[in-house]
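In: predicted structure and sequence below. I'll ask about it afterward.
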2 protein chains.
Amino acid sequence: MSSFNSSDFKKKISESTIHRLSRYFRALESLEKKGDETVSSKELARSEKLTPAQVRKDLSFFGSFGTRGLGYPVIELKIRISHILGLDREWRIALIGVGNIGSALVSYKEFSRQGFKIVKLFDNDQRKIGSNHKGIVVSDIKNLSTELKDAGIEMVVICVPVQDAQYLVDDVVKAGVRAILNFAPAVLKVPDGVFLRNENMSMELEYLSYALVNNHVQK
Amino acid sequence: MSSFNSSDFKKKISESTIHRLSRYFRALESLEKKGDETVSSKELARSEKLTPAQVRKDLSFFGSFGTRGLGYPVIELKIRISHILGLDREWRIALIGVGNIGSALVSYKEFSRQGFKIVKLFDNDQRKIGSNHKGIVVSDIKNLSTELKDAGIEMVVICVPVQDAQYLVDDVVKAGVRAILNFAPAVLKVPDGVFLRNENMSMELEYLSYALVNNHVQK
DNA sequence: GAATGTGAAGGTTTTCACAGCA
DNA sequence: TGCTGTGAAAACCTTCACATTC
């Protein structure tokens, strides 16, 4: 990029900051349930095992939400963060690959609670096509492109074997979807402007294995 | 810690480096399958979307595995990394909470392929206790402590509702287990010397939501 | 007095760039 | 010549410390 004007300038916010916002959001939900009206950076930090300065810095990237001497208003801050993260709306999601992991995710309450609504399922297995999971009928992967468009799908979750992942991602991108969550242990290519995140459930077990073998000192 | 001698001195290796080792390991498995005998940091980097310098630096923390002018020997490097990560052995794992996610994980091939063997299941639901998942009979959570010890369990995977997670972790720690993978969206406390990792599947969807809403430029 | 918001300091991770070796 | 191994530089992220505000 050789030039920019003030409207397309945006300070790069780190991935860690965004992940911590998710955590603050959850902490605030539980404070709201408890009936707390305000919370200090110190309290928020303690509940998430962070430093107060970290909490304040993270929030300061997006505005000044607190009151000096008092702290942050729980409900308002929750609303602000939900807006920043795009959690103040519903997302229409399709899930491809209704195997072990896939069908577990269809029933995963945490997704729907946060506004992530799985509304379409796809598979290539004739025995699965037409079957019903939590009220959603599994579609044939053949009709992927048109059905993704017709259903107004904005995000796709990929739960297929590793060898099928790349060509499915290609199809999904062709259908105009710009956000993909991939559970297959594969490094996938997507064009610029498409957001891809990977969820690798073995990785954390491998970290534990490393920690035990090396008696690694936990930070 | 107020003093150390050379034998317990260990340079702190970053979490990111360990996670990248997992990725190199998988890449090497696939290179081995392809029959490649050597690989350069450049090739490894490209396949994982990293820089060659990053690959070399990561590996250099653990030794000099390559040959100048040539690259790294695929099979030997794979063996070395598997040893560093503790993947050259089997781990005996218990899974607590045989719900959606829990029962999907029991059948998750990637775990067993990597030497993570789920050998015990626990639940507190009478309808589940005694039932059979992939050849493993679900035990009553009441007998957790003795059964964990008798089975020689080294790692525990927690897939229970958020409100049950902390006291179960406490019991697991009391039973002498030092590595825990937690799928509940809770911030759990463990004493020093116990390794806890969290797997939060909503977090990456939230990141995608943030990216779409802010049209965040992907790095 | 209490707690935010934020430049500056400090620390960590990544990248650069090149000496050294096959 | 080609590619590793690695100090040094650059980039990035976290923490400090304090002026500011309620």
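Out: Received it, and whenever you're ready, just let me know what you need. Residues are numbered from 1 along each chain as shown, chains lettered A, B, ... in the order given.

In: is stretch A:189-203 in proximity to DNA strand C?
Out: No - judged by CB under 7 Å from any atom of the strand, stretch A:189-203 stays clear of DNA strand C, getting no closer than 14.4 Å. C-beta coordinates here come from the backbone N, C-alpha and C atoms, glycine included.

In: and that stretch, what's buried?
Out: A:Val190, A:Val194, A:Phe195, A:Leu196, A:Arg197, A:Asn198, A:Glu199, A:Asn200, A:Met201, A:Ser202, A:Met203 (16 or more other CB atoms under 10 Å in any protein chain shown).

In: could you do stretch A:72-82 as well?
Out: Result for stretch A:72-82 [16+ other CB under 10 Å]: buried residues A:Tyr72, A:Pro73, A:Val74, A:Leu77, A:Lys78, A:Arg80, A:Ile81, A:Ser82.

In: picking up where we left off before, so which of the buried residues of stretch A:189-203 sit within helices?
Out: A:Met201, A:Ser202, A:Met203 (DSSP state H).

In: ok, the first one touching B:Ile101?
Out: No - A:Met201 sits out of contact with B:Ile101 when judged by CB atoms under 8 Å, with a separation of 9.7 Å.

In: need the buried residues of stretch A:189-203 in TSV with pLDDT and distance to B:Pro161, can you?
Out: Compiled in TSV, these are given as follows (pLDDT from 0 to 100; distance: CB to CB, whole Å):
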residue	pLDDT	distance to B:Pro161
A:Val190	96	35
A:Val194	97	35
A:Phe195	97	30
A:Leu196	98	30
A:Arg197	98	25
A:Asn198	97	26
A:Glu199	97	21
A:Asn200	96	24
A:Met201	95	19
A:Ser202	97	24
A:Met203	97	24
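
In: low-confidence stretches in chain A?
Out: Scanning chain A for pLDDT under 70 picks out the ranges A:1-10, A:217-219.

In: which element, helix or strand, includes the residue lying farthest from the centre of it?
Out: Most distant residue from the mean C-alpha position of chain A: A:Gly69, 33.8 Å away (CA atoms, centre = their mean). Here A:Gly69 sits in a region with no helix or strand, counting by DSSP states H and E.

In: name the nearest residue to A:Asp132, ignoring sequence neighbours.
Out: In this structure residue A:132 is Asn, not Asp. A:Val138 (7.6 Å; CB to CB, 6 or more residues apart in numbering or on different chains).

In: and the helix or strand harbouring the one you found, how far from the chain's centre?
Out: Using DSSP H and E, A:Val138 falls within strand A:136-140. Remark: strand A:136-140 is offset 23 Å from the chain centroid, using CA atoms, centre = their mean, to the nearest Å.

In: which residues are in contact with that strand?
Out: A:98, A:106, A:118-124, A:128-132, A:147 (CB atoms under 8 Å, 6 or more residues apart in numbering or on different chains).

In: which two among those are spaced furthest apart?
Out: A:Val119 and A:Asn124 (19.4 Å; CB to CB).

In: show me what the longest helix along chain A is packed against.
Out: The longest helix of chain A (DSSP H) is helix A:15-34. For helix A:15-34, the packing partners by 3 or more CB pairs under 8 Å, 6 or more residues apart in numbering or on different chains; DSSP states H and E come out as helix A:41-48, helix A:52-60, helix A:74-85, helix B:201-214.
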